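Next come a sequence and a model predicted from it.
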Amino acid sequence: MIVRVATLCDYAQVREQMLTVASAGVTRAYREKYPARMEVMLALMVEMSAADAKMPHEIQARVEDSDGAKIAELGLAFQVGEIFDLDPGEMLVVPTVLDLREIELPRPGRYQVVVVPENAAEIPLSLRAAFTSERPFGRQSD
């Protein structure tokens, strides 16, 4: 199993084995006050062989602060099952989503979402949380 895509986004869903993603590549979270909800989702595209699809798999994701302290940890267990329509040598692409929107960020600062695929290197995704008033663009006037 190989993670081909891992991105923080505003919204993601899987429908009919396709991944729909809105506003991929989120690296900033501007909030009026803290603690505040994270309000992002983790969209993943995982590639595997037909043989791997028959076995159970697990992907973990943890949210850490800048000191490496764990804020939250989530897991996703899945098994695709028998695949009948792959060409010889073709890999299966499995879209999946982890909802991080309810996770609470205690304060402004640097965070990372670390994707931990089974038997593979961790994938860190950075996120900086700040106050809305610090947003460098798109400020609304009073």
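Cool, the structure landed. Residues are numbered from 1 along each chain as shown.

can you tell me how far R62 sits from R31?
21 Å (C-beta to C-beta, to the nearest Å). The way it works is simple: take the backbone N, C-alpha and C, and place the C-beta from them, glycine included.

what's the spacing between G81 and D52?
From G81 to D52 the distance is 11 Å (C-beta to C-beta).

Give me the more crowded residue out of those two.
D52 (18 against 8; other C-beta atoms under 10 Å).

now the more buried one, what's its secondary structure?
Counting by DSSP: H, G, I helix; E, B strand; the rest coil, the backbone at D52 sits in helix.

Ignoring the adjacent residues along the chain, who's closest to L86?
Nearest residue to L86, sequence neighbours excluded (C-beta to C-beta, 6 or more residues apart in numbering): A50, at 5.3 Å.

tell me the contacts of the one you found?
Residues in contact with A50 (C-beta atoms under 8 Å, 6 or more residues apart in numbering) are I83, L86, L92.

does the last one really touch K54, like I thought?
No: under the contact definition of C-beta atoms under 8 Å, L92 does not touch K54, with a separation of 10.5 Å.

Those two - which one has more neighbours?
L92 (18 against 13).

residue ranges with poor pLDDT in the protein?
138-142 (pLDDT under 70).

Ramachandran angles for the residue positioned nearest the centre of the chain?
Nearest residue to the geometric centre of the chain (C-alpha atoms, centre = their mean): L42, 2.0 Å. When read as degrees, to the nearest 10, the backbone of L42 gives phi -110, psi 120.

Look up how far L19 lies from it.
11 Å.

Which neighbours do these two have in common?
Residues touching both L42 and L19 by C-beta under 8 Å, 6+ apart: A12, V97.
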